[in-house]
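Student: Sequence first, predicted coordinates after that:
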Amino acid sequence: MTANEIRARFLKFFKERGHAILPSASLVTPDEKGVTNATLFNSAGMQPLVPYLMGEPHPAGDKLASAQKCLRTTDIDDVGDATHATFFEMLGNWSLGAYFKDEAIKLSYEFLTSKEEGLGLDVNRLYITMFEGDETAPRDEESKQIWLSLGIPEERIYFMSAKSNWWSAGDNGPCGPDTEMFYDIVGGLNLKNKEEFIKADDEQKVVEIWNDVFMEYEKKEGRVIGKLKQHNVDTGAGLERITAVIQSKSNIFETDLFAPVIVEIEKLATKNQADFKAKRIISDHLRASVFLIADGVLPSNTDRGYILRRLLRRAVRYADILGIPEGNLVNLTKVIADIYNDSYPEIKNSLNKIKEEIKQEEAKFRQTLVKGLREFEKGTDPFILFTTYGFPLELTQELAMEKGEQIDLRKFNARMAEHQVLSRAGAEQKFAGGLADNADPQVIKYHTATHLLNQALSEVLGNGIEQKGSNITAERLRFDFSHPNKMTDEEKRKVEAIVNKQIQADLSVGQVILPKAEAEATGARHMFNEKYGDEVSVYYIGNDLATAWSKEFCGGPHVTRTGELASTNSAQAAKFKIVKEESIAAGIRRIKAVLE
């Protein structure tokens with residue numbers, strides 16, 4: 001079964017069961033002032049439907065279904081493995097008060113297992129999870145009984161924590177427990193208990209293929225405040241992942257959504273033919289770029305345009321690794337357009353424009369790439385690479401990581417602070433001298449957010465935590481710190497709440513230059529194994545240095561007020577979100593977080 005057939009079969013199945021079929025919304029979200037949880041792109045199938053899940057009547061009725069275009073770049077470093085992609089499609093069906101758990105679960109089960117109208121998956125390879133309950137909501141015994149009635153054995157049904165089986169639209173909006181369906185992609189696993197299931201999940205022997213969210217609660221400022229006036233259902237199935245399962249592929253890049261593109265890449269490559277990661281990154285980033293340009297996004301140094309530019313530059317960099325001659329990346333666009341011609345004809349209609357934008361961006365970056373790579377191999381430091389050759393800091397960081405090295409961001413920022421004339425009165429926070437890649441206000445916002453996170457972690461986990469490193473892009477921040485234990489969901493919620501509170505407070509951000517000993521005496525946070533000069537720059541968040549909520553050794557740059565971290569002109573719309581917390585070494589944890 002092809003991916004196009006899976007998509008068509010899904011939409012037909014739900015149309016025949018009374019659901020209105022909605023066209024995919026644009027990848028680009030509306031630029032509306034005051035919109036809560038505003039984001040640059042639609043990153044989930046339900047995102048365009050949030051007002052209707054909150055109770056507003058939908059013009060098409062109370063039963064809906066769609067295949068929605070989505071884009072996420074928070075895990076861009078993971079693209080190239082078996083499942084991660086930046087662009088993806090989410091198949092979803094919704095009930096706006098029309099039906100709830102019983103019908104939703106039965107519809108999901110029927111589509112997954114029916115050979116005539118659905119996907120014909122083997123019911124004996126299905127495993128089910130659901131919400132175990134906590135102080136927010138009770139244990140979901142009702143879902144368990146429904147699954148038992150469908151013939152799923154009790155030993156293949158597991159209760160899990162909110163981290164796994166609670167879904168929300170953000171800190172403000174609809175939320176609720178969910179039940180997730182996993183499929184044994186190995187065959188014959190015969191798992192007998194929750195512990196065996198968790199181990200199989202960690203080893204990627206089972207894969208999540210469907211999620212039914214029972215949106216009956218409302219969240220405000222990160223806390224559940226009560227129930228919605230109607231019980232809603234929000235379901236989702238990633239087309240790429242489910243296609244890999246149906247086509248018995250070990251990863252999404254072997255499916256018919258990617259394979260034709262990779263075949264074309266292999267034709268164009270003149271070296272490193274065995275580098276499958278490079279092929280996968282190029283195919284993913286080009287596909288995402290094609291859809292972005294078709295939806296009106298153009299390369300630039302801010303917001304959506306910056307994300308498109310970064311995707312294209314990474315594609316060019318990996319094309320260079322494969323020896324693909326300049327000007328040939330555009331050949332991939334027709335292959336992508338052909339794959340999606342039936343479902344998204346707008347791509348073929350925009351193909352000339354798409355090709356021109358990609359060709360121009362590639363030519364613009366190729367010269368920088370060749371010079372920058374040559375200097376990087378010589379050992380030229382990131383500051384010189386950036387200021388002299390225009391080589392993006394994030395690419396230098398990526399190259400360094402591949403060699404097992406780490407860029408000293410504090411040293412880089414200190415040198416940049418000396419080099420730059422930062423207009424602190426301007427809301428756009430642009431650098432002097434046209435240093436384009438770091439001119440993006442998002443980079444500066446995430447730098448300040450990192451300071452907020454550092455202080456919030458010390459308040460929640462204790463002053464014993466110490467920063468061990470950070471990585472900041474225009475799309476997210478990554479923060480490494482010393483801590484012996486995995487953070488609990490409650491600890492993460494507390495940290496998020498503290499950071500968002502300080503953003504909403506719109507505190508001023510100031511800087512002073514002090515002798516090192518005097519700076520240390522202020523209690524400003526700093527890395528104890530770092531070598532500082534006789535004088536250091538201290539950034540503080542609050543009215544003055546003495547009473548500041550946060551103070552930290554740092555070369556800058558930062559925003560002028562924390563309210564600038566909000567996603568709209570209203571600080572009340574701020575949303576700092578931890579998207580991942582994991583161990584990277586003994587006693588060292590890593591957080592990835594975004595501003596939405």
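Tutor: Looks like it came in fine.
Student: going forward, measure contacts between C-alpha atoms and count neighbours the same way
Tutor: Noted.
Student: Regarding the spatially most central residue of the chain, what is its secondary structure?
Tutor: Note on the chain: the residue nearest the mean C-alpha position is T74, at 2.9 Å, using C-alpha atoms, centre = their mean. Of the three states, T74 takes coil under DSSP: H, G, I helix; E, B strand; the rest coil.
Student: Distance of it relative to F87?
Tutor: Counting by C-alpha to C-alpha, to the nearest Å, the gap from T74 to F87 is 12 Å.
Student: chain center to the one helix or strand V224 maps to, what's the gap?
Tutor: Here V224, judged by DSSP states H and E, is contained in strand 223-238. Strand 223-238 sits 21 Å away from the centroid of its parent chain (C-alpha atoms, centre = their mean, to the nearest Å).
Student: What are the boundaries of the helices in the stretch 151-300 of the chain?
Tutor: Applying DSSP state H, counting those that start in this stretch to the stretch 151-300 of the chain gives helices spanning 162-165, 194-202, 239-246, 259-268, 276-294.
Student: Adding mean pLDDT, distance to S114 and mean neighbour count, write those out as a markdown table.
Tutor: Formatted as a markdown table, those follow (pLDDT from 0 to 100; distance: least, C-alpha to C-alpha, whole Å; neighbours: other C-alpha atoms under 10 Å):
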| stretch | mean pLDDT | distance to S114 | mean neighbour count |
| --- | --- | --- | --- |
| helix 162-165 | 90 | 25 | 17 |
| helix 194-202 | 93 | 25 | 15 |
| helix 239-246 | 96 | 13 | 23 |
| helix 259-268 | 97 | 27 | 18 |
| helix 276-294 | 96 | 31 | 24 |
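Student: coming back round to it: could you give the mean pLDDT of the strand holding V224?
Tutor: Averaged across strand 223-238, pLDDT comes to 91.
Student: Repeat that for stretch 579-596.
Tutor: Stretch 579-596 carries an average pLDDT of 89.
Student: closest to A585 out of the helices of the stretch 151-300 of the chain?
Tutor: Among the helices of the stretch 151-300 of the chain, helix 194-202 comes nearest to A585, with 17.7 Å by C-alpha to C-alpha.
Student: hmm, who's touching the closest one?
Tutor: Here helix 194-202 makes contact (C-alpha atoms under 8 Å, 6 or more residues apart in numbering) with Y158, L191, V206, V207.
Student: which residue packs closest to S470, ignoring adjacent ones?
Tutor: Excluding its sequence neighbours, the residue lying closest to S470 (C-alpha to C-alpha, 6 or more residues apart in numbering) is F479, at 4.4 Å.
Student: from what I can see the one you found touches I584, true?
Tutor: No. The pair F479 and I584 does not pass the contact test of C-alpha atoms under 8 Å, sitting 11.1 Å apart.
Student: who touches both of these two?
Tutor: Common contacts of F479 and I584 (C-alpha under 8 Å, 6+ apart): R590.
Student: Those two: who's more crowded?
Tutor: For F479 and I584, the more surrounded residue by other C-alpha atoms under 10 Å is F479, and the numbers stand at 20 against 12.
Student: so what's that one bridging to?
Tutor: S470, I591 (DSSP bridges).
Student: tell me the contacts of it?
Tutor: Remark: with contacts taken as C-alpha under 8 Å, 6+ apart, F479 is in contact with T450, Q467, K468, G469, S470, N471, R590, I591, K592.
Student: so the last one sits right up against T473, yeah?
Tutor: If I follow you right, that is K592. No. K592 lies out of contact with T473 (C-alpha under 8 Å); the separation is 11.1 Å.
Student: which one's the longest helix in the protein?
Tutor: Counting residues, the longest helix found in the chain (DSSP state H) is helix 351-378.
Student: Please identify the buried residues of that one?
Tutor: By neighbour count with 16 or more other C-alpha atoms under 10 Å, helix 351-378 contains the buried residues 351, 354-355, 357-359, 361-362, 365-366, 369, 372-373, 375-376.
Student: Show me what it is packed against.
Tutor: Contact partners of helix 351-378 among helices and strands, from 3 or more C-alpha pairs under 8 Å, 6 or more residues apart in numbering; DSSP states H and E: helix 276-294, helix 303-321, helix 331-339, helix 382-389.
Student: Tabulate those in JSON lines, adding columns for distance to V509.
Tutor: JSON lines is the format used below for the helices and strands packed on helix 351-378 (distance: least, C-alpha to C-alpha, whole Å):
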{"stretch": "helix 276-294", "distance to V509": "35"}
{"stretch": "helix 303-321", "distance to V509": "23"}
{"stretch": "helix 331-339", "distance to V509": "45"}
{"stretch": "helix 382-389", "distance to V509": "25"}
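Student: Minimum distance to L228: which of those has it?
Tutor: helix 303-321 (32.9 Å).
Student: what's in contact with that closest one?
Tutor: By C-alpha under 8 Å, 6+ apart, the list of residues contacting helix 303-321 from outside reads 40-41, 269, 271-272, 278-279, 281-282, 285-286, 288-289, 292, 297-301, 329, 358, 361-362, 365-366, 369, 440, 442, 474-475.
Student: That helix vs helix 259-268, what angle?
Tutor: Inter-element angle recorded for helix 303-321 and helix 259-268: 50 degrees (by axes from the mean of the first three to the mean of the last three C-alpha atoms, to 10 degrees).
Student: Tell me how far helix 303-321 lies from the chain's centre.
Tutor: 16 Å.
Student: What angle do helix 276-294 and that helix make with each other?
Tutor: Inter-element angle recorded for helix 303-321 and helix 276-294: 150 degrees (by the same axes, to 10 degrees).
Student: List the buried residues of helix 303-321.
Tutor: Buried residues in helix 303-321, counting neighbours by 16+ other C-alpha under 10 Å, are found at 304-321.
Student: quick one: average confidence on it?
Tutor: Model confidence over helix 303-321, given as mean pLDDT, is 90.
Student: what's the weakest-modelled helix or strand in this protein?
Tutor: None of the helices or strands of the chain scores lower by mean pLDDT, DSSP states H and E than helix 409-419, at a mean of 72.
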